[in-house]
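S.K.: missing the sequence, but the structure's below:
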Ligand SMILES: Nc1ncnc2c1ncn2[C@@H]1O[C@H](COP(=O)(O)OP(=O)(O)OP(=O)(O)O)[C@@H](O)[C@H]1O
Ligand SMILES: [Mg+2]
C-alpha cells in the first residue's frame, strides 16, 4: 500500500533520512521505532508531504506522492496524528473533528463517522463543546486521533501517541489503535515506547540516526537480543 | 449641565462614526497578521483603491451607495489577493523584515502608482445620501453617521458569522493557529490565505467608501493616516484578535473625538499614541491579547 524507496531528506545541510526504504501493506500495523532524533517524525512528515525528499520514492497505492500537495495526500487516504497532538486549542472539540473532515462533502457520512469517533472516545462526546486547549493531555491525544479518523483514512500515521501519558492511558490508546486497525484502517505507528508498539504491531522497522538498521516480524524483533538491549531496557 | 451631557453624547456619535472606519480597516490588519504574521502596511492603500472604485461607481456609473460599496469591496478584494500572491507569497519563508519592507514597497507603489493613474488631485464624492440632519435634543446626527455605523456593524456581524461558522472561516482559524496541522487536515493553506486577504481588503474598501461619503473628498494618499491609526487600533486590541480590532477601532475613534471635543484637536493623534503606549506597557499583548498558549 505504502512504499518508501531509498528516501533521502535534508533540513538544509542536515541529512535527516539517509536512504530509507520501508513498506506498509494493506491491513497491517507497522511500527517504526527508534530513539530521539532518529528521524521518525521526519519520515511521517515526508509521507504527508510536509517535507519533500531530495531523492527516492514515496509511493501510495502505486502513485508517486513526491510532487503532490499535502491536501491531495489527505484526499488520497493518508491521515496523520502528529507528534504532540497539535489540536486546534482555540477551537472546540466538535470544530476540531469537523476540520478533520475538511475535504469531505458527504454530510451523512461525516455525521456517522463523528458518532463512531464518539464511540471510540466517549470522553470527547462529554466534552464536545469544550475548547480543546483545556483538555487534558490524554483527551487531546484522543481528539487528535479522532480528528485524523474524520478524514476516513485508509492509512493512519501515528506519531508517538503514548508520549506523556500515564501507563493506564497508554494501554487504552493502544487497544483503540488495534480496534481502529481491526475495522479496516492500515496503521503506521511511530513510537519510542518500543515495548508497547511491538506488542500490537505485525511488523517493525528500527530507525537509527536516519537509517533503518533492523526490520522484520514484530514478535521476533521484540525477542531479539539487539532490540532488547537498545530499546527494551535489557 | 445639560450642555455637558449633550457634548458627551455628541462626541460619542462622532467617535462611533470615526471608530467604525478604524475598526473596519483594523480588521484587515489583524486578520492578515493572524494568518501570516505580517503587518500589511499596504492595507491603508487598499482602502484608498476601494474609495476610488466607489467614487468611480457613483460618478461615472451613477450607481447608488450599496452597489458602489459592493463594487469597491470586490475590486479591493481582488487587489488584496493579487498583492498577496505577487508580493508576499514568494517571501513566505523569508525573514519577517523582508516581508515588512516589501509591504512598505507595495504601499508606495499603490500611493504613487495611484497618483499616476488617477492624478494626485482631490476628487469629490457625489452626495449619495440626503444631507438630512437630525437634531435629537441638541445632538446633531447626520444621515452619514447612521449609515457609517450601521454599515460597519452589519459587516462586522457578517465577518463574525463567516469566521465562526463557515468552512473557510474555520480553515482561517486553523491556519492561523497552526499552519502545519492545518495542512494535515487537508486544508489548502494558500487558498485560505488568499481568502483572508480578500475579506480583509473588502472590509478596507468599505471603510474607504464610507470615508469618501462622509468626508466628501478622496485622494491617492488618503490611506496613510487612517491606515496607521487602524494599525494602532489593531495593536491596541491585540493584533491577530478579531474582536480586539473592533474594540480597538471604536476606542480610538471615541478617544479622538473626545480629545477634539475638549478643544484639543491638535493633540488627538498624540493622545491616541499615548494610550497605545500605556496599554502596551500594562498589557503588551493588547487589550484582548491572551498570554498566548502555544501549541501544547
Ligand atoms: N526543522 C528542523 N530543522 C533542522 N533539523 C531538524 C528539523 N527537524 C528535525 N531535525 C533534525 O532531524 C533529525 C530527525 O528529527 P526527527 O524529528 O525526525 O526525530 P524523531 O525520531 O522524530 O525524534 P523524537 O523521538 O525526539 O521525536 C534530528 O537530528 C533533528 O535534530
Ligand atoms: Mg518525533
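M.R.: Yep, it's here. Keep in mind that what you see is a predicted model, and the values were worked out from it rather than measured. Ligands and ions are numbered 1, 2, ... in the order given.
S.K.: How about the residues of the stretch 101-250 of chain B by chain A?
M.R.: Residues of the stretch 101-250 of chain B found near chain A (C-beta under 8 Å from any C-beta of the partner chain) are B:167, B:170-171, B:173-174, B:177-178, B:180-188. Quick note: C-beta positions are derived from backbone N, CA and C, even for glycine.
S.K.: My reading is that residue A:85 lies in a strand. Confirm?
M.R.: No. Secondary structure assignment (DSSP: H, G, I helix; E, B strand; the rest coil) places residue A:85 in coil, not in a strand.
S.K.: Which residues are in contact with it?
M.R.: Residue A:85 makes contacts with A:137, A:140, A:141, A:143, A:144, B:296, as judged by C-beta atoms under 8 Å, 6 or more residues apart in numbering or on different chains.
S.K.: Look up phi and psi at it.
M.R.: phi 70, psi -50 (degrees, to the nearest 10).
S.K.: most neighbours, which of the contacts of residue A:85?
M.R.: Counting by other C-beta atoms under 10 Å in any protein chain shown, residue A:141 has the largest number of neighbours within the contacts of residue A:85, with 28 neighbours.
S.K.: re earlier: among the residues of the stretch 101-250 of chain B next to chain A, which are in strands?
M.R.: Within those, no residue falls in strands by DSSP state E.
S.K.: Contact partners for the residue in chain A positioned nearest to ligand 2?
M.R.: The shortest separation between chain A and ligand 2 is 3.1 Å, found at residue A:41 (distances taken as C-beta to the ion). Listed by C-beta under 8 Å, 6+ apart, the contact set of residue A:41 reads A:82, A:83, A:159, A:190.
S.K.: of all the residues of the stretch 101-250 of chain B next to chain A, which comes closest to residue B:264?
M.R.: Sorting those by how near they are to residue B:264, with C-beta to C-beta, puts residue B:173 at the top with 40.9 Å.
S.K.: So residue B:263: helix, strand or coil?
M.R.: Local secondary structure at residue B:263 is given as coil here, using three-state DSSP.
S.K.: what's the spacing between it and residue A:64?
M.R.: Here the distance between residue B:263 and residue A:64 works out to 73 Å (C-beta to C-beta, to the nearest Å).
S.K.: what's the domain layout of chain A?
M.R.: A:1-77+A:153-234, A:84-152 (automatic domain parsing).
S.K.: Between these, which one is closest to residue B:255.
M.R.: For the domains of chain A, distance to residue B:255 was read as C-beta to C-beta. The smallest value, 29.3 Å, belongs to domain A:84-152.
S.K.: Can you measure across the closest one, start residue to end residue?
M.R.: Start to finish, the residues bounding domain A:84-152 are 21 Å apart (C-alpha to C-alpha, to the nearest Å).
S.K.: Just want the residue of chain A that's nearest chain B.
M.R.: Checking chain A residue by residue against chain B with C-beta to the nearest C-beta singles out residue A:74 as nearest, at 3.5 Å.
S.K.: Work out for me the element the residue of the stretch 1-150 of chain B found nearest ligand 2 sits within.
M.R.: The nearest approach of the stretch 1-150 of chain B to ligand 2 comes at residue B:93, 21.8 Å away (C-beta to the ion). Residue B:93 is located outside every helix and strand, with elements delineated by DSSP states H and E.
S.K.: From residue A:217, how far off is it?
M.R.: Plainly put, residue B:93 is 42 Å away from residue A:217 if you go by C-beta to C-beta.
S.K.: higher neighbour count, these two?
M.R.: More neighbours surround residue A:217 than the other of residue B:93 and residue A:217, with 14 against 7 (other C-beta under 10 Å).
S.K.: Quick one: residues contacting the nearest residue to that one once chain neighbours are set aside.
M.R.: Counting by C-beta to C-beta, 6 or more residues apart in numbering or on different chains, the nearest residue to residue A:217 once its immediate chain neighbours are dropped is residue A:203, at 6.0 Å. The neighbourhood of residue A:203, defined by C-beta under 8 Å, 6+ apart, consists of A:28, A:30, A:31, A:215, A:216, A:217, A:218.
S.K.: From those, list the buried ones, please.
M.R.: With neighbours counted by 16 or more other C-beta atoms under 10 Å in any protein chain shown, these contain buried members at A:28, A:30, A:31, A:215, A:218.
S.K.: rewinding a little: how much space separates the residue nearest to residue A:217 from residue A:220?
M.R.: From residue A:203 across to residue A:220, the span is 10 Å (C-beta to C-beta).
S.K.: What of residue A:83?
M.R.: Distance, residue A:83 to residue A:220, using C-beta to C-beta: 27 Å.
S.K.: do the one helix or strand residue A:171 maps to and chain B meet?
M.R.: The secondary structure element spanning residue A:171 is helix A:167-182 (assigned by DSSP H and E). No. Contact of helix A:167-182 with chain B (C-beta under 8 Å from any C-beta) is absent, the minimum separation being 15.6 Å.
S.K.: other SSEs contacting that helix?
M.R.: Applying 3 or more C-beta pairs under 8 Å, 6 or more residues apart in numbering or on different chains; DSSP states H and E, one finds that helix A:167-182 contacts strand A:29-33, helix A:107-120, helix A:137-149, strand A:186-191, helix A:194-200.
S.K.: Enumerate every residue touching the closest residue to ligand 2 within chain B.
M.R.: Of the residues in chain B, the one nearest ligand 2 is residue B:180, at a distance of 13.3 Å by C-beta to the ion. Contacts here follow C-beta under 8 Å, 6+ apart; on that basis residue B:180 touches A:50, A:82, A:86.
S.K.: you'd agree residue A:179 is up against residue A:119?
M.R.: No. Taking contact to mean C-beta atoms under 8 Å, the distance of 9.9 Å between residue A:179 and residue A:119 leaves them out of contact.
S.K.: any chance of the domains of chain A in TSV, with mean pLDDT too?
M.R.: Listed next are these as TSV, based on pLDDT from 0 to 100:
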stretch	mean pLDDT
domain A:1-77+A:153-234	94
domain A:84-152	96
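S.K.: Which one of these lies nearest to ligand 1?
M.R.: Proximity to ligand 1, assessed across the domains of chain A by C-beta to the nearest ligand atom, is greatest for domain A:1-77+A:153-234 (3.2 Å).
S.K.: Which residues does residue A:203 form beta bridges with?
M.R.: Listed by DSSP bridges, the beta-bridge partners for residue A:203 are residue A:30, residue A:217.
S.K.: With the one 5 residues further on instead?
M.R.: Taking DSSP bridges as the rule, residue A:208 bridges to residue A:211.
S.K.: Spit out the contact partners of it.
M.R.: Neighbouring residues of residue A:208 by C-beta under 8 Å, 6+ apart: A:34, A:35, A:38.
S.K.: Need those in JSON lines (columns: neighbour count).
M.R.: Supplementary listing: the contacts of residue A:208 in JSON lines, determined by neighbours: other C-beta atoms under 10 Å in any protein chain shown:
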{"residue": "A:34", "neighbour count": "25"}
{"residue": "A:35", "neighbour count": "14"}
{"residue": "A:38", "neighbour count": "23"}
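S.K.: If we check ligand 1, which of these are in contact?
M.R.: Counting by C-beta under 6 Å from any ligand atom, the subset of the contacts of residue A:208 that neighbours ligand 1 consists of A:34, A:38.
S.K.: Just send the contacts of residue A:208 back as CSV, with distance to residue B:273 too.
M.R.: Shown next, in CSV, are the contacts of residue A:208 (distance: C-beta to C-beta, whole Å):
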residue, distance to residue B:273
A:34, 55
A:35, 54
A:38, 52
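S.K.: From the contacts of residue A:208, pick the one nearest residue B:102.
M.R.: When those are compared for distance to residue B:102 (C-beta to C-beta), residue A:38 comes out closest, at 39.1 Å.
S.K.: Tell me who's in contact with the nearest residue to that closest one once chain neighbours are set aside.
M.R.: The shortest distance from residue A:38 to any non-neighbouring residue, by C-beta to C-beta, 6+ apart, is to residue A:207 (4.3 Å). Residue A:207 makes contact with A:20, A:32, A:33, A:34, A:38, A:39, A:40, A:43, A:213, according to C-beta under 8 Å, 6+ apart.
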